[in-house]
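S.K.: with the sequence up front, the predicted model follows.
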Amino acid sequence: MEDCNTVNTPADSGLQLTKSSENNKTTHCPYRQLVGSLLYLAMGTPPDVCWIVSKLSQFLNCPSDEHITAAKRVLHYIKKTIDYTLHFKPSTDPLHGFSDSDWGGDQENRKSTTGYIFLYGSSPINLESTFNLE
C-alpha cells in the first residue's frame with residue numbers, strides 16, 4: 001500500500017453493493033479480516049469512512065470481487081487522508097444536532113437507515129449511523 005494510487009473519496013459515487021450470487025463469490029481474499037480492520041479504524045474517523053465500512057460489513061458471508069474492490073478503495077482513500085486531522089476551536093456557537101433517515105432505501109431487503117451528528121461550533125463531537133433497521 002505504500003506506493004498505491006490515492007483517491008479523493010472512500011467510495012464511488014452512486015455505489016450500490018448487492019449480495020453476490022454463488023458463482024460470483026470470491027474466496028481468494030481475506031475480506032473478513034480487511035473489513036474487521038476497517039471497522040476498528042472507522043471508530044475514530046469521519047462519517048465518510050464509517051458509512052462505506054458499515055456497508056461493506058453487510059457482505060461478510062458472501063463477498064464478490066465488487067466488494068473487495070470497494071474495500072481496497074477505502075484503503076486508497078485512507079492512504080491519501082492519513083495526515084488529516086480534526087481541529088477543535090473555542091466557540092460561542094451553541095451545540096447543533098442533525099439527523100437523517102432513509103425509509104426502506106436498502107435495495108436488497110428494503111430496510112431503513114438512520115444517523116445523527118452533533119456539532120460544537122463547526123466540529124463534529126458525536127455521530128452514529130445505524131443501518132438495516134427492522
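M.R.: Here it is on my side, so go on.
S.K.: tell me the residue in the chain that is farthest from the middle.
M.R.: Seen from the C-alpha centroid of the chain, the residue lying at the greatest distance (CA atoms, centre = their mean) is residue 92, 31.4 Å away.
S.K.: residue 30 versus that residue, what's the distance?
M.R.: 49 Å (CB to CB, to the nearest Å). (Glycine included, C-beta is placed from N, CA and C.)
S.K.: how about the residue farthest from the centre of the chain, secondary structure?
M.R.: What DSSP: H, G, I helix; E, B strand; the rest coil gives for residue 92 is coil.
S.K.: same question, residue 85
M.R.: Secondary structure state of residue 85, per three-state DSSP, is coil.
S.K.: now for it, how many residues are close by?
M.R.: 5 (other CB atoms under 10 Å).
S.K.: same deal with residue 84?
M.R.: 9.
S.K.: quick one, helices of this protein?
M.R.: For the chain, the helices defined by DSSP state H occupy 31-42, 47-56, 65-81.
S.K.: ok, residues contacting stretch 64-76?
M.R.: With CB atoms under 8 Å, 6 or more residues apart in numbering as the test, stretch 64-76 has contacts from 1, 4-7, 10-12, 15, 17, 20, 24-26, 29, 31, 34-35, 38, 49, 52-53, 55-56, 59.
S.K.: switch to 7 Å and redo it
M.R.: The contact list for stretch 64-76 (CB atoms under 7 Å, 6 or more residues apart in numbering) reads 1, 4-7, 10-11, 15, 17, 20, 24-26, 29, 31, 34-35, 38, 49, 52-53, 56, 59.
S.K.: buried among the residues you listed? Make that a ChimeraX selection.
M.R.: Applying 16 or more other CB atoms under 10 Å to the contacts of stretch 64-76, the buried members can be selected in ChimeraX as follows:
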select :7,10,11,17,20,31,34,35,38,49,52,53,56,59
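S.K.: pLDDT below threshold where in this structure?
M.R.: 1, 21-28, 104-110, 129-134 (pLDDT under 70).
S.K.: tell me the domain boundaries of it?
M.R.: 22-81, 95-133 (automatic domain parsing).
S.K.: would you reformat the ones you listed as CSV and include distance to residue 87?
M.R.: Shown next, in CSV, are those (distance: least, CB to CB, whole Å):
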stretch, distance to residue 87
domain 22-81, 13
domain 95-133, 7
